[in-house]
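K.L.:
predicted model follows, preceded by the sequence.
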Amino acid sequence: MHRSGTSALTGMLAQAGLDVPDDLMDRPDDVINLKGYWESEGLMQVNDSLFEAFGLDWSSSDRLPVTWGTTPKAVVWRRELIHQLTQTCRGTHHPVIKDPRMCVLMAGMRPLVNAAVVDFCFFVPIRHPMEVARSLQAAQGTSLGRGLALWIAHVREAERQTRGQRRLILSFNDLLREPDLVLAQCRTITHPGDAGADPIAQAAGFIDPTLQRQ
């Protein structure tokens, strides 16, 4: 879910040796995420184009039709998604992909996951829903009710669609208070190898608890 520590987690994983896309979102004057979003600009655009096709956007993404994953629009989106990931992750061994939109789009990714062409593992950071809603309200002007509805939809789909997959459900508070422990847990399921990986303590130092708001 948005505002749940996804950027902090992805940045830490990047410091630990995982490969981020080569088209990271560049927001140098952004005061919301001072350490960056660690998010693919192209992937965000591909996902937003799908929402637009259904007359929605990220803030109404919980209103996707129940059977959207089997529609012609979903077929086009999957094709564009594969092309985008192929481009941004070319030459990488352990790419880490972050876009909170993927939570509610996981049903449409099911054919890719089931095909086992890529060895996926999933990280699902969980933050208290009222903290998330207040953070969205402060950052985007989203109403508390809308923020809570988004939290429910994102967390529900992220949990449901990753059952039976290699995954780690982690606490936002643990990420802030014990980032070294969280990183050690992440490494047990990613097996990225040691080549080029920074020591855990150094990578965990990316987390700055003073940046927590709401």
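P.N.:
Perfect, I can see it now.
K.L.:
okay, residue 191: pLDDT?
P.N.:
We have a pLDDT of 64 for residue 191.
K.L.:
for residue 198, same thing?
P.N.:
53.
K.L.:
by mean pLDDT, point me to the weakest helix or strand of the chain.
P.N.:
helix 200-204 (a mean of 81; mean pLDDT, DSSP states H and E).
K.L.:
just the buried positions in that helix, please.
P.N.:
200, 203-204 (16 or more other CB atoms under 10 Å). Where you see a C-beta, it was placed from the backbone N, CA and C, and this is true even at glycine.
K.L.:
would you turn those into CSV with distance to residue 24?
P.N.:
Formatted as CSV, the buried residues of helix 200-204 follow (distance: CB to CB, whole Å):
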residue, distance to residue 24
200, 23
203, 17
204, 21
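K.L.:
how near is residue 11 to residue 205?
P.N.:
11 Å (CB to CB, to the nearest Å).
K.L.:
neighbour count for the two, which is higher?
P.N.:
For residue 11 versus residue 205, the count of surrounding residues by other CB atoms under 10 Å is larger for residue 11: 21 against 14.
K.L.:
downstream of the host helix or strand of the more buried one, the next helix or strand is which one?
P.N.:
Taking DSSP states H and E as the definition, one finds residue 11 inside helix 6-15. The helix or strand immediately downstream of helix 6-15 is helix 41-53, counting by DSSP H and E.
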